[in-house]
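Q: Here's a sequence, model it:
(one chain, ligands or ions: 1)
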Amino acid sequence: MAEEAVLGFLEKHGEISDSGEFASERGIDHQELTNIIKSLHGFRLVDAQDIKRERWVLTEEGKTYAAAGSPEVLVFLAIPPEGISPVELQSKIDPSVFKIGRSQAIKNQWVEMGKQLVTRKVSNVQDKVQDLLIRVQNEQGIDPKEIDALKRRKLIVPQTWKGYSVRKGPNYAPKRKKFATDLTRDNLQRGDWKDLEFKEYNFSAKGQPIEGGHLHPLLKVRQQFKMIFLQMGFEEMPTNNFVESSFWNFDALFQPQQHPARDSHDTFFLQVPSMTKTLPEDYVEKVKRIHESGGYGSRGHEYDWKREEANKNLLRTHTTAVSSRMLYMLAQNGFAPKKYFSIDRVFRNEAVDRTHLAEFHQIEGLVCDRGLTLGDLIGVFYDFFTRLGMSKLKFKPAYNPYTEPSMEIFGYHEGLKKWVEIGNSGMFRPEMLLPMGLPEDVRVIAWGLSLERPTMILYGIDNIRDLFGHKVDLGLIKKNPLCRLGIE
Ligand code: PHE
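A: Residues are numbered from 1 along each chain as shown. Here you go, the predicted model:
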């Protein structure tokens, strides 16, 4: 084996001065030897120094001459001693060979090119060019002047040859040791671990590609949002019910029953079971009253509130349905200040396009405490969105049936270098909070945003179908990078 030959030679002689010679003397392929030297060098069994040599190799043209003879000799040989007409001579030889051979033969003063007759000027010639080319081919030395001539005729070109000189390295041994890669139970029981030599860790090696358990980008971004809420002291709301009654999704939020969002064009209603079974009756009564005739200083919506409408089951259109349940429960159990959040799926009967699907994920946050103001809402946003990497915010008045005032939130995206809409927010109306039984001075500030939008921006996805649904490329999910929000 070549590896043993190298190590054995070093043992005896201390040095291999030229890997090229070493290979040709032993009939080893030089490329193979080079690989072995590199590997031994890597493990520091040997020290290898580069050696470079310029050598000459034949061009394709040079190779033909070496095999068949130079054109000038071919032309010379085609001329019989008595001479030949130029036309006949030309017909005997390949045109390209003739052209080169004729001019070289004239230059060498081998032939006389008469108009009528071509004759030899010498009786015989030697093919020096062919001889030289064969010497180059066999890596035998030739005169630099000759090299120059062959180079000018483009019959040879220089080529850099790379090889090594090799000496013993710091870990030299006449035979390569097999390093252990694992410490096994057997090693421990036999006690041979004491003599084992372990392979060193290669900290710059790439790890094995991970084959299973890839998180979808939405899950990664969701986790980041969750961490931000938890760091800010928010508690997660239970959102594990996609089906909700119209009551909690709309009525409890003081959204009138004729509101266009409650139309089947905007909302998916359930056929089975189409109606909710239970609602807290005395609270339903209060909600009915606030819609029909108002109270707490409000005129209400002044219409006939229908129980059947409130009973209709639907796929929740926002997680604010969960917020309304949570606030109601809080009022029942004795109010205490709370910070709640949720991140879960909602459904809307919408036209599907590049940025909209009929289902998406909503991030919802709310803070309830006595005497909160719009200033608190804005302050919480600066805290929340700065943690996402957006510290420049703008607010625009907006409308929600259940908040007053309401604001759209815009953030300056440092990566996109533009303002993007990032959420909707407001302070829940007294018409929503007071029927629940919350103390009069309790204010609730709340906001909602989609999970898809920041995810698409973060991952540079411009078509939502590439992010969610049956067209998603699984390979992409495997390759998706880690997610970190808030790097500025
Ligand atoms: N529910 C709103 C939406 O669907 C978001 C929101 C939540 C707005 C809380 C105000 C307060 O867009």
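
Q: who's in contact with the one residue in the stretch 101-250 of the chain that gets nearest to the ligand?
A: Closest to the ligand within the stretch 101-250 of the chain is residue 249: 9.9 Å, counting by C-beta to the nearest ligand atom. Where you see a C-beta, it was placed from the backbone N, CA and C, and this is true even at glycine. Contacts for residue 249 (C-beta atoms under 8 Å, 6 or more residues apart in numbering) come out as 314, 316-318, 320-321.

Q: Name the SS class of the residue of the chain most remote from its centre, please.
A: No residue in the chain has its C-alpha farther from the mean C-alpha position than residue 82, which lies at 78.8 Å (C-alpha atoms, centre = their mean). Classification of residue 82 by DSSP: H, G, I helix; E, B strand; the rest coil places it in coil.

Q: again, but for residue 211
A: coil.

Q: Farthest pair within the contacts of residue 249?
A: Of all pairs drawn from those, the greatest distance, 13.3 Å, lies between 314 and 320 (C-beta to C-beta).

Q: Which one's more surrounded, those two?
A: Of the pair residue 314 and residue 320, residue 320 is the one with more neighbours under other C-beta atoms under 10 Å, namely 28 against 24.

Q: Any figure for the gap between that one and the ligand?
A: Here the criterion is C-beta to the nearest ligand atom, to the nearest Å. By it, residue 320 lies 4 Å from the ligand.

Q: Isn't that residue up against residue 447?
A: No: assessed by C-beta atoms under 8 Å, residue 320 is found out of contact with residue 447, at 10.0 Å.

Q: State the three-state secondary structure for residue 247.
A: The local conformation at residue 247, judged by three-state DSSP, is helix.

Q: neighbours of the residue nearest to it when sequence neighbours are not counted, just the number please.
A: In space, residue 247 comes closest to residue 310 once its chain neighbours are excluded; the distance is 4.1 Å by C-beta to C-beta, 6 or more residues apart in numbering. The number of residues packed around residue 310, counting by other C-beta under 10 Å, is 23.

Q: so what's residue 310 up against?
A: Applying C-beta under 8 Å, 6+ apart, we find residue 310 in contact with 245-247, 250-251, 257, 279, 284, 287.

Q: need the strands for the stretch 351-488 of the chain, in chain order.
A: When assigned using DSSP state E, counting those that start in this stretch, the strands of the stretch 351-488 of the chain occupy the ranges 359-370, 393-400, 403-413, 418-428, 442-450.

Q: is it possible to export the ones you listed to CSV including mean neighbour count and mean pLDDT?
A: Putting these into CSV (neighbours: other C-beta atoms under 10 Å; pLDDT from 0 to 100) gives the following:
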stretch, mean neighbour count, mean pLDDT
strand 359-370, 21, 97
strand 393-400, 14, 96
strand 403-413, 19, 93
strand 418-428, 19, 93
strand 442-450, 22, 96
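
Q: Would you mind listing what in this structure touches the ligand?
A: Residues of the chain lying near the ligand by C-beta under 6 Å from any ligand atom: 318, 320, 364, 400, 403, 424-426, 446-448.

Q: If you drop the residues flanking it in sequence, what lies closest to the residue in the chain that the ligand sits nearest to?
A: Evaluated by C-beta to the nearest ligand atom, the chain has residue 448 as its residue closest to the ligand, separated by 2.7 Å. Taking C-beta to C-beta, 6+ apart, and ignoring the residues beside it in sequence, residue 448 has residue 364 as its nearest neighbour in space, at 4.7 Å.

Q: so the residue of the chain closest to the ligand makes contact with residue 424?
A: Yes: between residue 448 and residue 424 there is a contact under C-beta under 8 Å: 5.6 Å.

Q: Can you give me the domain boundaries for the chain?
A: With domains defined by automatic domain parsing, the chain comprises 1-48+161-201, 73-99+110-126, 218-479.

Q: where do the helices sit along the stretch 51-200 of the chain?
A: Assigned by DSSP state H, counting those that start in this stretch, the stretch 51-200 of the chain shows helices spanning 60-68, 71-78, 86-92, 95-107, 128-137, 144-152, 185-190.

Q: Now do the buried residues in stretch 6-17.
A: Neighbour-count burial for stretch 6-17, with 16 or more other C-beta atoms under 10 Å as criterion, is recorded at 6-7, 10, 16.

Q: Please disregard the earlier target; I meant stretch 378-387.
A: Result for stretch 378-387 [16+ other C-beta under 10 Å]: buried residues 378, 380-381, 384-387.

Q: In TSV: these, plus pLDDT.
A: Formatted as TSV, the entries for the buried residues of stretch 378-387 read as follows, by pLDDT from 0 to 100:
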residue	pLDDT
378	94
380	94
381	91
384	89
385	87
386	89
387	88
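
Q: got the residues you listed as JSON lines, with distance to residue 465 columns?
A: What follows is those, written out as JSON lines (distance: C-beta to C-beta, whole Å):
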{"residue": "378", "distance to residue 465": "36"}
{"residue": "380", "distance to residue 465": "34"}
{"residue": "381", "distance to residue 465": "31"}
{"residue": "384", "distance to residue 465": "29"}
{"residue": "385", "distance to residue 465": "28"}
{"residue": "386", "distance to residue 465": "32"}
{"residue": "387", "distance to residue 465": "30"}
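
Q: could you pull out the strands for the stretch 151-300 of the chain?
A: With DSSP E, counting those that start in this stretch applied, the stretch 151-300 of the chain shows strands at 156-168, 235-236, 243-245, listed in chain order.

Q: Tell me which of these sits most buried.
A: strand 243-245 (a mean of 20; mean count of other C-beta atoms under 10 Å).

Q: average pLDDT across that one?
A: Averaged across strand 243-245, pLDDT comes to 97.

Q: And for stretch 286-298?
A: Taken as a whole, stretch 286-298 has a mean pLDDT of 96.

Q: surely residue 407 meets residue 399?
A: No: with contact defined as C-beta under 8 Å, residue 407 does not count as touching residue 399 (10.1 Å).

Q: picking that back up, can you put the strands of the stretch 351-488 of the chain in CSV and add distance to residue 170?
A: Converted to CSV, the strands of the stretch 351-488 of the chain look like this (distance: least, C-beta to C-beta, whole Å):
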stretch, distance to residue 170
strand 359-370, 59
strand 393-400, 61
strand 403-413, 55
strand 418-428, 59
strand 442-450, 61
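
Q: Quick one: closest of those strands to residue 169.
A: With C-beta to C-beta as the criterion, residue 169 lies closest to strand 403-413 of those, at 54.9 Å.
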